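Colleague: following is a predicted model, sequence given first.
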Amino acid sequence: QKPTIVVLNGLTFGGGCELSLTADIRIAEEHAQIGLPEVKLGLFPGGGGTQRLPRVIGVSKAKEWMFGGSPVSAEEALHAGFANHITPKGKGLEKAKELAKKFNRHSLPSLSRIKTAVNEGMNRTLSEGLELEAELFEEVFQTEDIKEGVSAFIEKRPAVFSHK
């Protein structure tokens, strides 16, 4: 239910690449190389890569990566939408902590509903996704955090969420 962040700080091939696709945010250190080289062994990505990678970078680009089996650079991964950020070598964890701290300031019920709406909505029609979003939006109005968030806004102060 919580946002997940992964740092790619070296070779991220095969299963490592597929595992990184399960995270919400991917940070690539500048020296990282990413790829699904299974085709070079007469295999294909069997740990979710054929399903998750196209959803992240698009069908054509995902096929190109998988058909070729060659690694891509952090820069190319960023350009394709695979990586959210590139950092200098050794600075990925620092960036991950910075993002985690930023996300942690927000209400967990809101964050979890964002994650659910996006993840589940991507597997539905637009109309069904919008219905799901409306249901989750209604749910969030039943939380204690919505009361705190609105009060803080009106009182012009930072919100202090209880994550309930």
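Modeller: Perfect, thanks for sending it.

Colleague: residue contacts, the residue sitting nearest the centre point of the chain?
Modeller: Among the residues of the chain, the one closest to the centroid is Asp24, at 1.8 Å (CA atoms, centre = their mean). Going by CB atoms under 8 Å, 6 or more residues apart in numbering, Asp24 touches Pro3, Thr4, Ile5, Lys115. (C-beta placed from N, C-alpha, C; glycine too.)

Colleague: so of the residues you listed, which ones are in helices?
Modeller: Lys115 (DSSP state H).

Colleague: tell me which two of the contacts of Asp24 sit farthest apart.
Modeller: Using CB to CB, these span at most 12.5 Å, a distance reached by Ile5 and Lys115.

Colleague: now do the contacts for Ala32.
Modeller: Per CB under 8 Å, 6+ apart, neighbours of Ala32: Leu8, Asn9, Gly10, Leu11, Thr12, Ser73, Ala74, Ala77, Ala83.

Colleague: more neighbours: which of Ile5 and Lys115?
Modeller: Counted by other CB atoms under 10 Å, Ile5 and Lys115 do not tie: Ile5 has more neighbours, with 21 against 15.

Colleague: I figured that one hits Ala28, correct?
Modeller: No - taking contacts as CB atoms under 8 Å, Ile5 lies outside contact range of Ala28: 11.9 Å.

Colleague: which parts of stretch 57-71 are buried?
Modeller: Buried residues in stretch 57-71, defined by neighbour count with 16 or more other CB atoms under 10 Å: Ile57, Lys61, Ala62, Trp65, Met66, Gly69, Pro71.

Colleague: widest-spaced pair of those?
Modeller: Maximum distance among the buried residues of stretch 57-71 (CB to CB): 15.6 Å, for Ile57 and Gly69.
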